[in-house]
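[1] curious how this folds, go ahead:
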Amino acid sequence: MELSVTLRWLAVSSLVGLTACAVGPNFHRPAPPAATDYGSAPTQGATAAAPGVGGEAQHFVADMDITGQWWTLFHSAQLSALVEQSLKGNPNIDAAQAALRQARDLYKAQRTTFFPTVQGEFDATRSKYATNTLTAPTVATSSIYNLYTAELSLSYMPDVFGGQRRALEAARAQVEVTRYQLIATYVTLSSNVVATAVQEASLRGQIAATERLLALQHQLTETVERQHGIGTASNLDLLAQQAAEAQIVATLPPLQKQLGQTRDALTALLGRLPSQEPAETFRLDDLTLPDALPVSLPSKLVAQRPDVRQAEENMHAASAQVGVALANMLPQFTITADTGSTALQIGQLFSPYTGFWDLGASLTQTLFDAGALIYRHRAAEDALDQAGAQYRAAVILAVQNVADTLRALRADADALKATAEADRAAKASFDLARQQYQLGTLSQVALLNAEQTYQQAEIALVQAQANRYADTAGLFQALGGGWWNLPQATFQ
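    Prediction:
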């Protein structure tokens with residue numbers, strides 16, 4: 001009877017403890033940035049347009065939502081397929097998911113601290129007492145006897161000052177930290193696949209341009225050799241042309257090395273070994289440049305960026321730990337109860353007159369610990385200050401990333417327009433110089449200068465085209481990658 005009353009009292013105490021106030025600061029989500037733009041970075045209007053691949057004008061659209069699968073805006077089935085493969089096969093995703101499961105299990109374990117702990121125990125002992133000096137501890141006639149005890153023990157620590165609730169709050173915040181780590185891994189991985197595919201396309205374009213120039217150089221070398229054979233070109237002219245051709249040949253191996261390493265990187269992003277290289281290849285012609293670019297306000301950006309949300313939850317956990325440290329400085333209450341049966345024979349357990357029970361309550365207060373609890377509380381407050389500073393740094397970095405990318409997009413469009421014009425002029429100049437050289441009205445030095453200018457313009461054009469694709473992908477990543485538009489189960 002007494003034990004059942006105790007259990008009911010414990011239930012009431014648990015309810016009271018859950019509804020009482022908890023010591024320590026109550027966490028409030030930081031106010032979003034008051035800035036309404038990204039400084040002088042473009043947030044409206046359209047970029048410049050240029051002829052050829054990647055030359056479309058792009059329009060900045062304020063507060064435009066971002067699709068969760070933003071890479072499909074490049075309209076490449078191969079690219080979309082590789083992104084999906086990476087999200088399924090990359091081990092970093094598996095690791096982040098396991099970390100989230102671990103955090104959830106730890107949260108559930110912390111939640112059990114609100115309930116009493118009940119332990120069952122069974123003891124069996126065989127003893128002999130000193131017959132000449134001690135009174136028999138049992139009614140048995142022999143000095144050797146067996147004693148069997150079956151017991152249930154209950155212990156409970158009421159959460160009087162909310163330390164357990166603060167610890168649970170910290171555990172819940174840690175679940176959110178790992179969830180945003182998973183989201184950040186997802187966004188970063190998909191962005192890296194797109195960026196690597198664009199890099200591959202750029203290198204293939206540069207290699208193709210170099211091979212076209214090499215073919216032209218070879219034709220010029222054959223022309224100079226014929227002229228040398230009939231005496232209209234000197235040895236110096238022939239050697240100069242051969243040197244020019246060899247210089248272009250020397251630029252191919254570094255580009256081919258970069259292409260191979262880029263393919264290895266893409267394979268690794270898919271969670272595969274280099275021997276399992278994907279069959280898909282990429283060229284800039286295969287990609288479509290998205291014409292509408294989202295621009296989220298800084299106040300909305302902080303809710304979209306997983307790294308900022310992760311920093312916010314770290315601050316939340318640190319705030320809760322301040323409450324835990326403060327509660328540890330206050331009195332600790334413990335309630336205990338035991339009930340069971342003890343008998344000389346195992347078959348007599350739980351028979352009449354073998355039962356026992358006890359109830360107890362205790363209060364513990366640390367009187368002297370050389371200031372350990374005080375310093376732990378100060379350390380928790382220091383950790384909260386650190387988390388707050390890290391949050392502010394994450395917000396600044398997020399806004400800076402978007403501003404930098406917006407500037408890059410505007411500059412990329414202007415650079416491509418100028419580069420396309422320079423390439424057109426360089427090609428026309430080179431074609432004219434080659435004709436004049438073949439007619440004998442232009443020196444070889446002038447021809448080589450025109451040829452070098454054209455070579456540089458071709459490579460620069462491919463790089464300028466690739467920059468627009470890469471920085472477009474960078475903008476989607478900087479804005480958070482649209483993860484909030486994916487099914488909730490994606491990050492569970």
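
[2] could you pull out the helices for the chain?
    Ranges of helices within the chain are 2-19, 77-89, 91-111, 163-229, 235-269, 298-304, 306-327, 372-439, 444-478, based on DSSP state H.

[3] lowest mean pLDDT across those helices, which one is that?
    With a mean of 47, helix 2-19 has the lowest mean pLDDT of those.

[4] how far away is the closest residue to Asn146 other than its chain neighbours from Tyr148?
    Spatially, and ignoring its direct neighbours in sequence, Asn146 is nearest to Arg126 (5.2 Å; Cβ to Cβ, 6 or more residues apart in numbering). C-beta: built from backbone N, CA, C; applies to glycine. Applying Cβ to Cβ, to the nearest Å, the value for Arg126 to Tyr148 is 10 Å.

[5] over to Gln386?
    To Tyr148, Gln386 is 57 Å away according to Cβ to Cβ.

[6] more neighbours, those two?
    Tyr148 (18 against 13; other Cβ atoms under 10 Å).

[7] ok, the more buried one to Ala246 distance?
    97 Å.

[8] again, but for Leu73
    The value you get for Leu73 to Ala246, if Cβ to Cβ is used, is 43 Å.

[9] between these two, which is the more surrounded one?
    Taking neighbours as other Cβ under 10 Å, Leu73 and Ala246 compare with Leu73 leading, 19 against 11.

[10] so who does the residue nearest to that one when sequence neighbours are not counted touch?
    Take Leu73 and drop its neighbours on the chain: the residue closest to it by Cβ to Cβ, 6+ apart is Pro290, 4.2 Å away. Neighbour list for Pro290: Gln58, Leu73, Phe74, Thr472 [criterion: Cβ atoms under 8 Å, 6 or more residues apart in numbering].

[11] state the distance from the residue of the chain most remote from its centre to Phe161.
    Distance from the C-alpha centroid of the chain peaks at Asn132, with 76.2 Å (Cα atoms, centre = their mean). In this view, Asn132 and Phe161 are 56 Å apart by Cβ to Cβ.

[12] residues in contact with Asn328?
    Gly163, Leu373, Arg376, His377.

[13] thinking again about what came up before, if I look at the residue nearest to Leu73, how far off is Leu475?
    On the measure of Cβ to Cβ, Pro290 and Leu475 end up 9 Å apart.

[14] one more: Gln276?
    Counting by Cβ to Cβ - Gln276 and Leu475 are separated by 31 Å.

[15] more crowded one of those two?
    A direct count of neighbours by other Cβ under 10 Å for Gln276 and Leu475 places Leu475 higher, at 23 against 10.

[16] rewinding a little: the residue nearest to Leu73 and Arg111, how far apart?
    Distance from Pro290 to Arg111, by Cβ to Cβ: 45 Å.

[17] what's the answer for Arg424, then?
    For Arg424, the distance to Arg111 - Cβ to Cβ - is 68 Å.

[18] count of neighbours near the spatially closest residue to Ser234 that is not a sequence neighbour?
    In this structure, Ser234 finds its nearest non-sequential neighbour in His228, 7.4 Å apart by Cβ to Cβ, 6+ apart. Using other Cβ under 10 Å, His228 has 16 neighbouring residues.

[19] check contacts around His228.
    Ser234, Asn235, Asp237, Leu238.

[20] list the contacts for the second one?
    With contact set as Cβ under 8 Å, 6+ apart, Asn235 has these partners: His228.

[21] Ser153 too?
    Contacts were defined as Cβ under 8 Å, 6+ apart; by that measure Ser153 touches Val118, Gln119, Gly120, Glu121, Thr336, Ala337, Asp338.

[22] contacts only, for the nearest residue to the fifth one once chain neighbours are set aside.
    Think Thr336. Spatially, and ignoring its direct neighbours in sequence, Thr336 is nearest to Gly360 (4.5 Å; Cβ to Cβ, 6+ apart). Contacts for Gly360 (Cβ under 8 Å, 6+ apart) come out as Ile335, Thr336, Ala337.

[23] quick one: the last one and Leu152, what's the gap?
    Ala337 is 8 Å from Leu152, where distance means Cβ to Cβ.

[24] more neighbours: those two, which one.
    Taking other Cβ under 10 Å, Ala337 and Leu152 do not tie; Ala337 has more neighbours (21 against 15).

[25] from Pro116, how far out is that one?
    For Ala337 relative to Pro116 (Cβ to Cβ), the value is 9 Å.

[26] what residues do those two have in common as contacts?
    Leu154, Ser155.

[27] any chance of the contacts of Gly360 in a markdown table, with distance to Gly39 too?
    Formatted as a markdown table, the contacts of Gly360 follow (distance: Cβ to Cβ, whole Å):
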| residue | distance to Gly39 |
| --- | --- |
| Ile335 | 61 |
| Thr336 | 64 |
| Ala337 | 66 |
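
[28] for Ala103, give me its contacts.
    Contacts of Ala103 (Cβ under 8 Å, 6+ apart): Ala171, Gln174, Val175, Val177, Thr178, Arg179.

[29] give me the number of residues near the first one?
    Meaning Ala171. 19.

[30] contact partners for it?
    Each residue near Ala171 by Cβ under 8 Å, 6+ apart is listed here: Ala103, Leu106, Tyr107, Gln110, Arg111.

[31] circling back to that earlier point, so which of the contacts of Ala103 comes closest to Ala50?
    Arg179 (42.2 Å; Cβ to Cβ).

[32] I figured that closest one hits Leu100, correct?
    Yes. Checked against Cβ atoms under 8 Å, the pair Arg179 and Leu100 is within contact range at 5.6 Å.
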